[in-house]
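Novice: Quick one: sequence plus predicted model below, questions after.
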Amino acid sequence: MPTSDSPVGADVGPLGQVFASQVRSRREFRGLSQTDLAVQLRDGYGLKFHQATIDRVEKGQRPCRLDEVYAIAEVLGTTVDDMLDDW
């Protein structure tokens, strides 16, 4: 669901907005900074993520490829299904 700081009309669509919100809440729950998450995605999965990339994902400003979605879920200790359960 879009939030007040998530731009409406971003390329991610409503499902992507749910994912974006879950990335932020689950990252914070695990005590990871945006940089920590980006490093784990780079080192563990070879994804070219940086802190700014995570910030754009969490704001719903950057769509994620399918491989990125699964990698993010795995690093956050969850599944894509669980992250999109509210959908």
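Specialist: Structure received. Numbers count the residues shown, from 1 in each chain.

Novice: Only C-alpha atoms from now on, for both contacts and neighbour counts.
Specialist: Will do.

Novice: Using the three-state scheme, assign Asp11.
Specialist: Recorded secondary structure, Asp11: coil (DSSP: H, G, I helix; E, B strand; the rest coil).

Novice: my read: it touches Lys59, true?
Specialist: No. Using C-alpha atoms under 8 Å, Asp11 makes no contact with Lys59, being 11.4 Å away.

Novice: Give me the more crowded residue out of those two.
Specialist: For Asp11 versus Lys59, neighbours defined as other C-alpha atoms under 10 Å are more numerous around Lys59 (23 against 13).

Novice: Now the more buried one. Its backbone dihedrals?
Specialist: Lys59 adopts backbone torsions of phi -90, psi 0, taken as degrees, to the nearest 10.

Novice: and if you look at the one 4 residues further on?
Specialist: Main-chain dihedrals, Pro63, degrees, to the nearest 10: phi -70, psi 150.
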